[in-house]
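Novice: here's my sequence, what's the structure:
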Amino acid sequence: MTTSNKHPDAPWRNFYGRVKGKTLKASQETYLNEDLAQLSPGPVDWDVNPDRAPLDVAALFEGLPVWLEIGFGGGEHMVHQASVHPEAGIIGCEPYINGVAMLLGKIRRAGVGNVRVHPGDVRNLFDVLPDACLDRAFLLYPDPWPKKRHHRRRFVTPEHLDPLARVLKPGAIFRVATDIPDYVRQALVEVQKAGFEWLAERPGDWRAPWEDWYSTRYEQKALREGRVPHYLTFRRV
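Specialist: Got it, this is the predicted structure:
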């Protein structure tokens, strides 16, 4: 599947993946109609921000450290992080609208206010984020694109990692979780090439989850099917 932004000057980008699945529930439609706009981090996409003005990230959360979750799925990890870390603000990006609707429902139920949501491609958000504005980023169980000819579609490629490195502060933490061994291999090579260092010193550092980890539905399925999660921690240098 290929999509492009509406503005004639927008960069042409392939997008491979679903943007909508099964029919939304009435409650989910309500969340999208009532909550999504007020949780926007600001004008991101070309059709509403053709001048590509940088976002005032510091103002989003009144000076709190800002974190980014890339592809939040159903949003359970993002809401958990917002709940246990009120000292930080979290921006989540997810182009799959069913996942966005699920997240909005969780935000309502949890009552968290330190979140913002971009329902689209994270590359468009990178375009309008200032240099060195983020303190942490999460990439949790990204699409593995298992076929070798599709590996260039993975997030852990220079197209995504270079702008991520630009918007992370020196010393910022980048967490990657995956149950795909070949994805681990590619991440260890490409993330470090993009200006990060891997912080593991012993096997437990990638075998055990982080202390504030929330195991997602995807991870629970992977565990039931016998796949082994890896938890990789990188630091921007």
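Novice: what mean pLDDT does the top strand by length along the chain have?
Specialist: In the chain, with assignment by DSSP state E, the single longest strand is strand 168-178. Confidence for strand 168-178, expressed as mean pLDDT, is 98.
Novice: partners of that strand in the sheet?
Specialist: If you go by DSSP bridges, strand 168-178 pairs up with strand 134-140 (parallel), strand 230-236 (antiparallel).
Novice: of the ones you listed, flag the one that's most buried.
Specialist: Highest mean neighbour count of these: strand 134-140, a mean of 21 (counted as mean count of other C-beta atoms under 10 Å). In short, each C-beta sits where N, CA and C put it, glycine included.
Novice: in contact with the most centrally placed residue in the chain, which residues?
Specialist: By C-alpha atoms, centre = their mean, the chain has its centre lying nearest to Ile70, at 0.8 Å. Neighbouring residues of Ile70 by C-beta atoms under 8 Å, 6 or more residues apart in numbering: 93, 122, 137-139, 142, 155, 164.
Novice: okay, it: pLDDT?
Specialist: So, for Ile70, pLDDT stands at 97.
Novice: same thing with Leu64?
Specialist: Note for Leu64: predicted pLDDT of 97.
Novice: thought Leu161 was touching Val189?
Specialist: No: assessed by C-beta atoms under 8 Å, Leu161 is found out of contact with Val189, at 10.8 Å.
Novice: comparing these two, which shows the higher neighbour count?
Specialist: Neighbours were counted for Leu161 and for Val189 using other C-beta atoms under 10 Å; Leu161 has more, 21 against 11.
Novice: skipping its backbone neighbours, what lies nearest that one in space?
Specialist: Leaving out its chain neighbours, the residue that sits closest to Leu161 by C-beta to C-beta, 6 or more residues apart in numbering is Ala194, at 3.8 Å.
Novice: so is Val189 in a helix, a strand, or just coil?
Specialist: Here Val189 is helix, with the state taken from DSSP: H, G, I helix; E, B strand; the rest coil.
Novice: tell me the pLDDT of the residue nearest to Pro65 when sequence neighbours are not counted.
Specialist: Nearest non-adjacent residue to Pro65, counting by C-beta to C-beta, 6+ apart: Asp135, 4.0 Å away. At Asp135, the predicted lDDT confidence score is 98.
Novice: do the same with Leu188
Specialist: 97.
Novice: make 813 the starting number, not 1.
Specialist: Sure, I'll start numbering at 813, so the last one becomes Leu1000.
Novice: residues near the residue nearest to it when sequence neighbours are not counted, how many?
Specialist: Closest residue in space to Leu1000, ignoring its immediate chain neighbours: Trp1010 at 6.4 Å, by C-beta to C-beta, 6+ apart. Trp1010 has 17 neighbouring residues, counting by other C-beta under 10 Å.
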